[in-house]
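J.: Dropping the sequence and predicted coords here.
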Amino acid sequence: MPKYKVVITARSFGESSDEPFNILKGNDCEVVKIPADRPLSAEELIPLVKDADALIVGNDKVTEDVINAGKKLKVISRYGVGYDNVDLNAAKKKGIVVTNTPNANNNSVADLVIGLMLVLARNLLAVDRIVKSGGWKRIMGTEIYGKTLGIIGLGKIGKGVAKRAKGFDMNVLCYDVYQDLKFAEEYGITYCSFEELLKQSDIVTIHVPLAPETKGLIGERELGMMKPTAFLINTSRGGIVDESALYNALANKKIAGAALDVMEQEPPINSPLLQLDNVVITSHIGGYTCEAITNMGIVAAKNVVLVLNKKQGAHIVNGE
Ligand SMILES: NC(=O)C1=CN([C@@H]2O[C@H](COP(=O)(O)OP(=O)(O)OC[C@H]3O[C@@H](n4cnc5c(N)ncnc54)[C@H](O)[C@@H]3O)[C@@H](O)[C@H]2O)C=CC1
Ligand SMILES: O=C(O)C(=O)COP(=O)(O)O
């Protein structure tokens, strides 16, 4: 009889490799994978955590009620980077460790951002629709080569985007509360103020976590500072961009277009943004590549094993 029970609600855990499961099973863990097709609500999670020693979650809502229901819970392992869906303080109060998987999906998201830049600049989705409906009309695009890219949040994903953008000889500006001057010098990147970045960039891409300080970071005022020819890309979290302000800016051509991989509500049922032609929306696929989900699974499983065995090395996000 295994010593620990690990409940997994992260949808894609183990989809691309058995290794994450093998790590758990080889370390005295019984593994229960919940067959979810979307992130679970707190009500759905509560009965699942009751006798679990560890929980491996995707974007499921891990509220204080869920945490209090987990009488044996020792670790909440976030399968992914952002942990805005987990009540860190409630976990800390109960002595439950929360971990995440930094460095596991940054390349996937950075790749997607470059793809979205090209989709926007060359109107790729609109042209595809024209051709498939029997047309052969061309829509004039713009080059991204040599343009100014503004990166909000130069962390692991922001740095990946910066490195790729240098391959297009882009002028890269960035804004972050913490400055990595060595990286900026090595890659020829310029730190500037938030306002300067918005005013000067041809493309603005967001890579900060969702937190009280970043909620609504891009609203009417900020969109009003951007060039009418500029594009906005958000692969970080819904809620960082005020969606009604974005709708107004796009509908009134205050900016040229936007690409969103994340939304305030996922799926964005009834969002007016769905009606606009100058916005591209993807279904939170930033970290959904074969490589990233293997990495995320391995790191999330190792985090569980390390915490359960009281060993050092887990990526703890609710420590001191
Ligand atoms: N679309 C998707 O599937 C994915 C989305 N994400 C999102 O991307 C975010 C960033 O991921 P990483 O780059 O790996 O994280 P990271 O922690 O390496 O980078 C975040 C950066 O944001 C900066 N920052 C934090 N608060 C700030 C503020 N108020 N103003 C300016 N800068 C601030 C930090 O100093 C840091 O440099 C995650 O928090 C997550 O929400 C991450 C992976 C996949
Ligand atoms: O790593 C993140 O924060 C992500 O958003 C991707 O992972 P997820 O789809 O949230 O499990």
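T.: Perfect, I can see it now. Ligands and ions are numbered 1, 2, ... in the order given.
J.: and the residue most central in space within the chain, what helix or strand is that in?
T.: In the chain, the centroid-proximal residue (CA atoms, centre = their mean) is residue 236; its distance is 4.1 Å. In this assignment (DSSP states H and E), residue 236 forms part of neither any helix nor any strand.
J.: do residue 165 as well
T.: Using DSSP H and E, residue 165 falls in helix 156-166.
J.: in its sheet, what does the very next helix or strand once past that helix sit against?
T.: Using DSSP H and E, the helix or strand that directly follows helix 156-166 along the chain is strand 171-175. With DSSP bridges as the test, strand 171-175 is paired with strand 148-152 (parallel), strand 190-191 (parallel).
J.: for those strands, which one ends up most surrounded?
T.: strand 148-152 (a mean of 25; mean count of other CB atoms under 10 Å). No exception for glycine: its C-beta is placed from N, CA and C like everyone else's.
J.: Can I get that one in CSV? Just the C-alpha atoms.
T.: This file holds the C-alpha atoms of strand 148-152, laid out as CSV (Å, rounded to 0.1, in the frame of the first residue of the first chain):
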residue,chain,number,x,y,z
THR,A,148,10.3,48.3,-31.8
LEU,A,149,9.1,45.6,-29.4
GLY,A,150,8.1,46.5,-25.9
ILE,A,151,8.3,43.7,-23.3
ILE,A,152,6.4,44.2,-20.1
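J.: Hmm, the residue nearest to the centre of the chain is touching residue 208, no?
T.: Yes. Counting by CB atoms under 8 Å, residue 208 is a contact partner of residue 236 at 6.1 Å.
J.: Residues that sit against both of those two, list them.
T.: Residues touching both residue 236 and residue 208 (CB atoms under 8 Å, 6 or more residues apart in numbering) are residue 153.
J.: possible to save the strands paired with strand 171-175 as CSV with distance to residue 110?
T.: Output for those, formatted as CSV (distance: least, CB to CB, whole Å):
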stretch, distance to residue 110
strand 148-152, 10
strand 190-191, 19
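J.: ok, now which ones touch residue 288?
T.: 12, 108.
J.: pLDDT score for it?
T.: With respect to pLDDT, residue 288 has a value of 97.
J.: list the contacts for residue 215?
T.: 239, 240.
J.: The same query, at a cut-off of 10 Å, please.
T.: 84, 237, 239, 240, 241, 242 (CB atoms under 10 Å, 6 or more residues apart in numbering).
J.: again, but for residue 296
T.: 10, 12-13, 16, 20, 56, 58, 78-81, 100-101, 103-105, 108, 287-288.
J.: give me the element it is part of.
T.: helix 290-308.
J.: so where does whichever residue of the stretch 151-300 of the chain sits closest to ligand 2 fall, helix or strand?
T.: Residue nearest to ligand 2 within the stretch 151-300 of the chain: residue 287 (3.4 Å; CB to the nearest ligand atom). For residue 287, there is no helix or strand it lies in under DSSP H and E.
J.: Next one: the residue in the chain sticking out farthest from the centre from residue 70, what distance?
T.: In the chain, residue 1 marks the outermost C-alpha relative to the chain mean, sitting 37.3 Å out by CA atoms, centre = their mean. Separation of residue 1 from residue 70 (CB to CB, to the nearest Å): 20 Å.
J.: now swap in residue 140 and tell me
T.: From residue 140 to residue 70 the distance is 56 Å (CB to CB).
J.: So for those two, which sits in the more crowded spot?
T.: Counted by other CB atoms under 10 Å, residue 140 and residue 70 do not tie: residue 70 has more neighbours, with 25 against 6.
J.: And the pLDDT at that one?
T.: 98.
J.: And residue 320, by the same measure?
T.: Value for residue 320, per-residue pLDDT: 76.
J.: What of residue 278?
T.: If you check residue 278, the pLDDT there is 97.
J.: Pretty sure residue 78 sits against residue 10.
T.: Yes. With contact defined as CB atoms under 10 Å, residue 78 counts as touching residue 10 (8.5 Å).
J.: what do these two both touch?
T.: Joint contacts of residue 78 and residue 10 (CB under 10 Å, 6+ apart) are 55, 56, 57, 58, 59, 60, 296, 300.
J.: For the third one, list each beta-bridge partner.
T.: Following DSSP bridges, residue 57 is listed with bridge partners residue 78.
J.: Count the neighbours of it for me.
T.: 28.
J.: List the residues that contact it.
T.: Counted by CB under 10 Å, 6+ apart, residue 57 has contacts 7-11, 13, 39-40, 45, 49, 66, 76-80, 83, 85-86, 98, 300.
J.: For those, which PyMOL command selects only the ones that are buried?
T.: Of the contacts of residue 57, the buried ones can be selected in PyMOL as follows, counting by 16 or more other CB atoms under 10 Å:
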select buried, resi 7+8+9+10+11+13+39+40+45+49+66+76+77+78+79+80+83+85+86+98+300
